[in-house]
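In: pasting the structure only:
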């Protein structure tokens, strides 16, 4: 017991421990939010022979952005300092995020651009968008905007949760 009393006592005025945590677009686009459980270990010190661990639960809200901070106070017994978790958004294989909007870069052949194309695009929230373009609608640099198919946000619309837009940026592949 004597050893336990020797570890530093943390208060809410102590310098916060900073810890990143990572979320995918799928986790951030879930309209019900998601939960992250993060284990934090404090290393051993001269007064403590073993490291001590604590599990923090973060309720990730829909649409949170890279850099969002989640703060916890020091533990009541003073064994853990205040901690600030900082959200780091994992890069997605197909989509880029611009605020509340999602951008999908779509390569099509000249033939698809001339005839029109049918696309099936799986969104991070699990929905599959089916898009058809008209003949000659796609030109180099053409963008198609789908309102309300991007990331959820805290703002509300009359019919529920507000979402940003989904932008399809077309690029015509040259024949090899």
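Out: It's in. Quick caveat, the model's predicted, so the values are computed rather than measured.

In: which outside residues touch stretch 133-148?
Out: Stretch 133-148 is contacted from outside by 108, 112-117, 119, 129, 131, 162-172, using Cβ atoms under 8 Å, 6 or more residues apart in numbering. Glycine gets a C-beta too; all of them are placed from N, C-alpha and C.

In: so of those residues, which ones are in strands?
Out: In strands, judged by DSSP state E, the following of those are found: 108, 119, 129, 131, 162-163, 166-172.

In: just send these back as JSON lines, with neighbour count, pLDDT and distance to residue 86 too.
Out: Below are the ones in strands among the contacts of stretch 133-148 laid out as JSON lines (neighbours: other Cβ atoms under 10 Å; pLDDT from 0 to 100; distance: Cβ to Cβ, whole Å):
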{"residue": "108", "neighbour count": "19", "pLDDT": "92", "distance to residue 86": "38"}
{"residue": "119", "neighbour count": "16", "pLDDT": "93", "distance to residue 86": "35"}
{"residue": "129", "neighbour count": "14", "pLDDT": "92", "distance to residue 86": "31"}
{"residue": "131", "neighbour count": "15", "pLDDT": "92", "distance to residue 86": "36"}
{"residue": "162", "neighbour count": "17", "pLDDT": "86", "distance to residue 86": "25"}
{"residue": "163", "neighbour count": "24", "pLDDT": "89", "distance to residue 86": "24"}
{"residue": "166", "neighbour count": "22", "pLDDT": "95", "distance to residue 86": "27"}
{"residue": "167", "neighbour count": "19", "pLDDT": "96", "distance to residue 86": "27"}
{"residue": "168", "neighbour count": "21", "pLDDT": "95", "distance to residue 86": "31"}
{"residue": "169", "neighbour count": "14", "pLDDT": "95", "distance to residue 86": "30"}
{"residue": "170", "neighbour count": "22", "pLDDT": "93", "distance to residue 86": "35"}
{"residue": "171", "neighbour count": "14", "pLDDT": "92", "distance to residue 86": "34"}
{"residue": "172", "neighbour count": "18", "pLDDT": "91", "distance to residue 86": "40"}
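
In: please identify which pair of the residues you listed lies farthest apart.
Out: Pairwise distances across these (Cβ to Cβ) peak at 33.2 Å, for the pair 162 and 172.
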